[in-house]
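Visitor: Build me a model:
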Amino acid sequence: MSIDRAVMAFAGCMILLSLALSQVHSAYWLFFTAFVGLNLLQASFTRFCPAAIIFKRLGLRAGTVFT
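Guide: Predicted coordinates for the structure are as follows:
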């Protein structure tokens, strides 16, 4: 799995988890959903993503976006 795909999978899981938690626990979890979405948006312009740095250190191969 490449870093690009891992970042997208991780972001998708975090969004689904926060949506579920907003229904079960508190609506404030929707702020986390917004944070993940905003982080994906800024990463598309700046190519800086903290999750990509972590995945790179874990040894995943570079993709086309996050090298």
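Visitor: C-alpha only now, for contacts and for neighbours.
Guide: Noted.
Visitor: Can you show me the helices along this protein?
Guide: Taking DSSP state H to define them, one finds helices in the chain at 3-24, 30-46, 50-57.
Visitor: Would you mind saying which of the ones you listed lies nearest residue 65?
Guide: helix 3-24 (6.4 Å; CA to CA).
Visitor: Can you name every helix or strand that that closest one contacts?
Guide: helix 30-46, helix 50-57 (3 or more CA pairs under 8 Å, 6 or more residues apart in numbering; DSSP states H and E).
Visitor: Report the buried residues of it.
Guide: For helix 3-24, burial by neighbour count (16 or more other CA atoms under 10 Å) applies to 3, 4, 6, 7, 11, 14, 15, 18, 19, 22.
Visitor: And the furthest pair within those?
Guide: Maximum distance among the buried residues of helix 3-24 (CA to CA): 28.2 Å, for 3 and 22.
Visitor: Quick check: closest non-adjacent residue to residue 43.
Guide: Spatial nearest neighbour of residue 43, chain neighbours left out: residue 49 (5.6 Å); criterion: CA to CA, 6 or more residues apart in numbering.
Visitor: how deep is that neighbour tucked in, by neighbour count?
Guide: By the criterion of other CA atoms under 10 Å, residue 49 has 15 neighbours.
Visitor: quick one: it from residue 62, how far?
Guide: 13 Å (CA to CA, to the nearest Å).
Visitor: Residue nearest the middle of the protein, spatially speaking?
Guide: Centroid-nearest residue in the chain, with CA atoms, centre = their mean: residue 11, separated by 2.9 Å.
Visitor: ok, back up a step: closest one to residue 66 among the helices and strands packed on helix 3-24?
Guide: Proximity to residue 66, assessed across these by CA to CA, is greatest for helix 50-57 (6.5 Å).
Visitor: Would you confirm that the residue nearest to residue 43 contacts residue 36?
Guide: No - assessed by CA atoms under 8 Å, residue 49 is found out of contact with residue 36, at 10.8 Å.
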